[in-house]
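1. Output the structure for:
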Amino acid sequence: MDNLPTNPHDWAVWLLERLQGLQNVGPNWEGRLPDEWSFNAITQTIPPALEAMVDGATRRIEFKPKNGSVYQTFQELVDGPRKRNVPSLFTVRELGYTHGRAQEVPPVVQYYLDAVQLWKCMASFADHERDGGSHLLFIKAFDSKLWLTADYVAADLQLLPRLKDFAKQYFEDDHHKDQKRNIVRAALLEVFKNKPSVRFAELLFSFIDFADRVRSSYTLYTQGFSFEKLRSEVDKQNREDTLRLNKTFSDIQNQLLALPAALLAAGAAIKGNSWSTNLPVLLGVGIFMWVIRQLVANQQSSIDAIAGEIELRRKKLADQPSEISEGVLGLFQELEARVRRQKRVLAQIRGAVHVVFIVVAMLVVLAQWPDLPHLIAVRATELLAWLLHR
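-> Coordinates of the predicted model:
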């Protein structure tokens, strides 16, 4: 009798391990005390917290293990107010685990401990609470607020990566405390946009996204920016670059319209066997083509300069921490695609210039020597015949 337990938890474990014919009776458990134990001595020593009911005639004892923080299943542990507060000493019998004693913590229990820690962190930043702290209100504006309820089950628990570091940096550290509160509130409302109420289970599922938003916003804040401001500045500069790219093409589009006109004019001006007419046409078209090539080269240089500035801005952002850069680097994809498209257009224009000059040159040659194609065909036939008979 000297080694009897001294607290409700250990008494609940002692009874569950020693009572015979143990069975569940509603929220209670009952069993028969073995004969080797003094029934009166035991029942008089059981702590009142266990709400024990005894029957001396049958030596049966009925009690509430939960009142001593002893639970048959993990779900029993998670139920009730324990969603928000971890008992300092508890046992989960299906896991064979007693918390508060020197035992290795099973992963599922660690998930529970982390979930409670996260809830307490959120509660410390809430603007209001109700129902004994089971509902937390976060308010960003009159029309932007959200209730977070302590509603989750054992199946909702999961790994919360780097939670301890996250909690220490953004909830426990007093540096920039007010700004961190605003950042956490804003991130929560962004993750659950347009939802008036959210179960805590949903936050557990979205923890990685939520934590990344908090880290990104705080990193930007410490650099003197806000994420929204940075995104707005990138959008603004990209729009300006788009206009500059468009202008590189519009600056020469009128001259480009002269390409087909030059071809038609040259074709109409060329005369048969008249160098005095055909040579000036060929020279004029050649000079025109040269001017167009210089314009295209100038616009190519402009596009290359713009592309270089875009790449420099992109690299500067890429060198920032990933929580900053990942959110804005995607904005450059459309702009970079436009640069590639403009370069392809200029390459096609250069090709068209060469085609126009070659066509005009061929027209001049044919006008001067109309029999040239026939002569070339004859000579080619003779060469082919000679090669075949060698």
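
2. and residue 62, how many residues sit next to it?
-> By other CB atoms under 10 Å, the residues close to residue 62 number 19. For glycine as for every other residue, the C-beta is placed from the backbone atoms N, C-alpha and C.

3. do residue 343 as well
-> Neighbours of residue 343 using other CB under 10 Å come to 15.

4. didn't it look like it was pressed against residue 302?
-> No - using CB atoms under 8 Å, residue 343 makes no contact with residue 302, being 11.2 Å away.

5. hang on, residue 309 packs against residue 241?
-> Yes - under the criterion of CB under 8 Å, residue 309 makes contact with residue 241 at 7.2 Å.

6. which non-adjacent residue is nearest residue 145?
-> Distances taken as CB to CB, 6 or more residues apart in numbering place residue 139 nearest to residue 145, at 4.3 Å, with adjacent residues excluded.

7. can I assume the one you found sits in a strand?
-> Yes - applying DSSP: H, G, I helix; E, B strand; the rest coil, one finds residue 139 inside a strand.

8. show me the residues around it that make contact.
-> By CB atoms under 8 Å, 6 or more residues apart in numbering, residue 139 lies in contact with 127-128, 145, 185.

9. can you check residue 156 too?
-> Counting by CB under 8 Å, 6+ apart, residue 156 touches 201, 204-205.

10. among the residues you listed, which ones are buried?
-> 201, 204 (16 or more other CB atoms under 10 Å).

11. possible to save the contacts of residue 156 as JSON lines with distance to residue 292, pLDDT and secondary structure?
-> Formatted as JSON lines, these follow (distance: CB to CB, whole Å; pLDDT from 0 to 100; DSSP: H, G, I helix; E, B strand; the rest coil):
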{"residue": "201", "distance to residue 292": "67", "pLDDT": "95", "secondary structure": "helix"}
{"residue": "204", "distance to residue 292": "65", "pLDDT": "96", "secondary structure": "helix"}
{"residue": "205", "distance to residue 292": "61", "pLDDT": "95", "secondary structure": "helix"}
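
12. Mind telling me what element residue 355 is part of?
-> For residue 355, the enclosing helix or strand under DSSP states H and E is helix 332-368.

13. Repeat that for residue 145.
-> Taking DSSP H and E as the criterion, residue 145 maps to strand 144-149.

14. List of residues touching that strand?
-> The contact list for strand 144-149, computed with CB under 8 Å, 6+ apart, reads 122, 126, 134-139, 188-189, 192, 195-200, 203.

15. can you give me how far it is from the chain middle?
-> Here strand 144-149 is found 22 Å from its chain centre; the criterion is CA atoms, centre = their mean, to the nearest Å.

16. And stretch 341-357, what's buried?
-> Applying 16+ other CB under 10 Å to stretch 341-357 flags 342, 345-346, 349, 352-353, 356-357 as buried.

17. Let me know the average pLDDT across it.
-> For stretch 341-357, mean pLDDT rounds to 80.

18. May I ask which helix or strand of this structure has the lowest mean pLDDT?
-> For the chain, counting by mean pLDDT, DSSP states H and E, helix 258-269 ranks last in confidence among helices and strands (a mean of 60).

19. tell me the angle of the very next helix or strand once past that helix relative to helix 332-368?
-> As assigned by DSSP H and E, the chain's next helix or strand after helix 258-269 is helix 275-318. Put simply, helix 275-318 runs at 170 degrees to helix 332-368, going by axes from the mean of the first three to the mean of the last three CA atoms, to 10 degrees.

20. about what we covered before: drop anything exposed from the contacts of residue 139.
-> 145, 185.

21. just the contacts of residue 139 now: which is nearest residue 118?
-> Closest approach to residue 118 among these (CB to CB): residue 185, at 15.0 Å.

22. what's the distance between the closest one and residue 157?
-> Going from residue 185 to residue 157 by CB to CB, to the nearest Å gives 24 Å.

23. ok, now residue 69?
-> Separation of residue 69 from residue 157 (CB to CB) stands at 18 Å.

24. Of the two, give the one with the bigger neighbour count.
-> Using other CB under 10 Å as the criterion, residue 69 and residue 157 rank with residue 69 on top: 24 against 21.

25. Spit out the contact partners of that one.
-> Residues in contact with residue 69 (CB under 8 Å, 6+ apart) are 8-9, 12, 87, 89-91.

26. And residue 116, by the same measure?
-> Residues in contact with residue 116 (CB under 8 Å, 6+ apart) are 83-86.

27. If any of these are buried, put those into a PyMOL selection.
-> In PyMOL, this line selects whichever of the contacts of residue 116 come out buried by 16+ other CB under 10 Å:
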select buried, resi 83+84+86
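
28. Include distance to residue 103 and pLDDT when you put the contacts of residue 116 into TSV, please.
-> Listed next are the contacts of residue 116 as TSV, based on distance: CB to CB, whole Å; pLDDT from 0 to 100:
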residue	distance to residue 103	pLDDT
83	22	92
84	23	92
85	20	92
86	15	93
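
29. Return the closest of the contacts of residue 116 with respect to residue 219.
-> In terms of CB to CB, no member of the contacts of residue 116 lies closer to residue 219 than residue 84, at 30.1 Å.

30. thought the closest one was touching residue 150?
-> Yes - in this structure residue 84 lies within contact range of residue 150 using CB under 8 Å: 5.2 Å.

31. Touching both of these two, which residues are there?
-> Residues touching both residue 84 and residue 150 (CB under 8 Å, 6+ apart) are 119, 133-134.

32. Can you classify the closest residue to residue 53 other than its chain neighbours by secondary structure?
-> Nearest residue to residue 53, sequence neighbours excluded (CB to CB, 6+ apart): residue 62, at 4.4 Å. When classified by three-state DSSP, residue 62 comes out as strand.

33. Show me what the helix or strand residue 203 falls within is in contact with.
-> Counting by DSSP H and E, the element that carries residue 203 is helix 200-205. Applying CB under 8 Å, 6+ apart, the contact partners of helix 200-205 are 83, 115, 118-119, 122, 148-153, 156-158, 160, 188, 191-192, 210.
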